[in-house]
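**Student:** build me a model from this:
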Amino acid sequence: MSRYYARVDTVGRVIGFYSDDVHGPRRIKIVDPSFNKATTPEGDWPVVTVIDHGFDPRPQPKGDWPTVQAPNPGYESNQPVGPQNQKTILIADPNFEPPTVIVRDETFEPPYIEISNPETKIPAEAFEISVSTWQAWLADTANQVWDFSLNAGSGDLVPREIPLEERRNTKIVAIHALREAKTKPGTISIDVGSGRSIPVDVRGERDFRNILGLVTAAQNGAGPFQFRDAMDHVHTIDTGEMVRLGLAVQRHVSAVYEASWRHKDNLAALDDIASIDAYDIEPGWPIP
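**Tutor:** This next block holds a predicted model:
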């Protein structure tokens, strides 16, 4: 049963598939070098005695085995003696010892040991995977082509040529993902004035709606407010502080979207693959 292996790059992307059948197993069995393959008594391989291959074991005259007269078990005494009813018949001499020779016992299994296969093409960094994982990963190579036959059996995945616009769109998708992560980082620290900095939950739409509701209430004259921060500490916040808190959250979200558009505008201005691939989308985002 073949074993299957995969190799990944530093970010976990599959860059090679291998199997025992195609690339040679990592381990092979060989006859134990300490075992002397010569036949006994000089070596360790046992021998057996067999009839000489040059001797024809068929009864004479067709073969070499001598014959003797013996009582005919089918003889019928109440019938006339004749060709079909003889008292004796010729049989192979049961006392004859045919010539024999001593030969190597081909049924014997010598002792084996397991060693590393020097001819395997499976890289040392490849790790074993199950058949189901092999099949799933092999089918999920949208950005790569598996063609070990074109790579002298190496098993390495050959990156397909990705068009410029597809590369640009991949970067834009990554920018959108960063934008979502930066918009809702979990917690941002907001200065509400008087030297007070409060950690505020901004994990999703529910947190934003809660803050918007409190700001609307503050603008309508409500307050002061008992505000529970991201660390579960309760703060007494007056109307002005609540408005400042809401504006700070809004400014944070606006700054994130501005950074997103800036990156996308920069990408739109690039017109070669090398520049798009090298463009770094990480800098320039607001710090929570």
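**Student:** helix, strand or coil for Ile113?
**Tutor:** Secondary structure state of Ile113, per DSSP: H, G, I helix; E, B strand; the rest coil, is strand.
**Student:** skipping its backbone neighbours, what lies nearest it in space?
**Tutor:** Asp32 (4.9 Å; CB to CB, 6 or more residues apart in numbering). In this view, the C-beta of every residue, glycine as well, is placed from N, C-alpha and C.
**Student:** cool, Thr88 as well?
**Tutor:** Gln69 (4.5 Å).
**Student:** count residues in the vicinity of that neighbour, would you?
**Tutor:** 11 (other CB atoms under 10 Å).
**Student:** again, but for Arg196
**Tutor:** 11.
**Student:** how close does it sit to Arg244?
**Tutor:** 10 Å (CB to CB, to the nearest Å).
**Student:** kindly report the same for Arg262.
**Tutor:** Counting by CB to CB - Arg262 and Arg244 are separated by 26 Å.
**Student:** more neighbours: which of the two?
**Tutor:** Each of Arg262 and Arg244 has its neighbours counted (other CB under 10 Å); Arg244 has more, 18 against 13.
**Student:** residues contacting the residue nearest to Arg3 when sequence neighbours are not counted?
**Tutor:** Leaving aside its sequence neighbours, Arg3 sits nearest to Asp20 (CB to CB, 6+ apart; 4.9 Å). Applying CB atoms under 8 Å, 6 or more residues apart in numbering to Asp20 gives the contacts 2-4, 26, 122.
**Student:** from the residues you listed, list the buried ones, please.
**Tutor:** Using 16 or more other CB atoms under 10 Å as the burial test, the contacts of Asp20 include 3-4, 26, 122 as buried.
**Student:** that older thread, the residue nearest to Ile113 touches Tyr112, doesn't it?
**Tutor:** Yes: between Asp32 and Tyr112 there is a contact under CB atoms under 8 Å: 6.4 Å.
**Student:** so what secondary structure elements neighbour whichever helix or strand Leu247 is part of?
**Tutor:** Using DSSP states H and E, Leu247 falls within helix 239-268. Judged by 3 or more CB pairs under 8 Å, 6 or more residues apart in numbering; DSSP states H and E, helix 239-268 is in contact with helix 164-183, strand 186-193, strand 196-202, helix 205-219, strand 225-228.
**Student:** report the inter-axis angle for it versus helix 164-183.
**Tutor:** 170 degrees (axes from the mean of the first three to the mean of the last three CA atoms, to 10 degrees).
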